[in-house]
Each structure stands twice: as structure tokens, then as C-alpha cells.
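Q: got a sequence here, can you build the structure:
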Amino acid sequence: MTRVLPVLVALVLAVYALIDCLQTDSSKIRSLNKVAWLAIIVLIPVVGPILWLLVAKVREPRPGPVQRPSPPQPLPPDDNPEFLRELRNLDDEHEKLLSEWEESLRRREEEMRDQEDTEPDQHGQPGESPQDEEPDDQAERDRAEEELRKQRGDSTGDDDGR
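A: Numbering: from 1, shown residues only. All right, here's what the predicted structure looks like:
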């Protein structure tokens, strides 16, 4: 059996190469014509079929996965001119809004000062602005501190109860 195996492999290889050579289009054969390759396959038992399979045929590239163009990658924000333009526009809008608010605040403060200057004081006389008087808040704070001391029992020395 071991003597027959190499002969059988050579025969199968030769038959396969002959059939492949006969079915192959002449335009796809390299270097020699079809008749010359048939002669090489038949006359050179093992080497002829191997040469046919390795050298004679023009190899077509195997169809691989379809190469699709990759979609454009998004730019990072620092490199994206559209994003930077939007930021500048947004900054301009914020600056404009801020300046409008400041102007509105100044105008309202001036209106309040004008109203305070023209309001009559407690005696019915228009006049002194609240900045000239001592603030009522200070008197209220003094009274609150006095009450707190009395509640704690911290006398300032006015009481003889020590």
C-alpha cells in the first residue's frame, strides 16, 4: 500500500492540473500558451502539475471585505472652527446682555436716588438724604444687643445687682 500511495497522489495531481488547464481561459495563462502547458503537465509527472498550479495561472485577488470609505471623524472642539465660532458668538451675546443689565441697574439706582431726594422727610420737608442721617439700623442693632445682654444676665455695670 505504501508503494501505491505516491503514484496515486501523482496521478490525482496530474488529472486535477489537466482539467484546470483545459477550463482556464487562454488570456489568464502566463508565459506559455495552453498547449505547451498541457504538454508539460503530461510529460513531467509530478513537477509539471505543480508548476501549473504555482506559476502558470494569473492569480486574481481574492475578494476580501469591502473597503468602504470611513466616515469623517468628528473634530475635537479645540480644532473645530464651527464650534469656536459659536463660542465667540455666545460670548458676544453674553457681553451684550451683561452690559444691558448693568445699564438697567444704573438707571434704576439713579431713579431710586432721585425719588429719595424728592421724598419729604418726617416733618414734611423735602431734604436730607438718608446718607446724611444716622442709619436706623445702627440704633436697632444697639437695642438688640442691649436686650441680648439682659437676657444673658451680662450687665454693663449700670445695675447694682452684682
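
Q: make sure Arg62 is indeed in a strand.
A: No. According to DSSP: H, G, I helix; E, B strand; the rest coil, Arg62 belongs to no strand; its state is coil.

Q: roughly how far apart are it and Leu54?
A: 16 Å (Cβ to Cβ, to the nearest Å). For glycine as for every other residue, the C-beta is placed from the backbone atoms N, C-alpha and C.

Q: those two: who's more crowded?
A: Using other Cβ atoms under 10 Å, the more surrounded residue of Arg62 and Leu54 is Leu54, with 9 against 5.

Q: tell me the SS of that one?
A: helix.

Q: change the start of the numbering to 37 and stick with it
A: Yes, from this point I'll number from 37; that puts the last item at Leu90.

Q: the spatially most central residue of the chain and Phe119, how far apart?
A: With distances taken as Cα atoms, centre = their mean, Pro112 lies nearest the centre of the chain, 5.9 Å away. From Pro112 across to Phe119, the span is 9 Å (Cβ to Cβ).

Q: likewise for Asp56?
A: Where Phe119 is concerned, Asp56 sits at a distance of 60 Å (Cβ to Cβ).

Q: just Ala180 next, same as before
A: As judged by Cβ to Cβ, Ala180 and Phe119 stand 56 Å apart.

Q: of these two, which one has the most company?
A: Counted by other Cβ under 10 Å, Ala180 and Phe119 do not tie: Phe119 has more neighbours, with 13 against 10.

Q: which element follows the host helix or strand of that one toward the C-terminus?
A: With elements taken from DSSP states H and E, the one containing Phe119 is helix 117-154. Downstream of helix 117-154, the next assigned helix or strand under DSSP H and E is helix 172-188.

Q: so where's the chain uncertain?
A: Applying pLDDT under 70 to the chain picks out residues 97, 156-172, 190-198.
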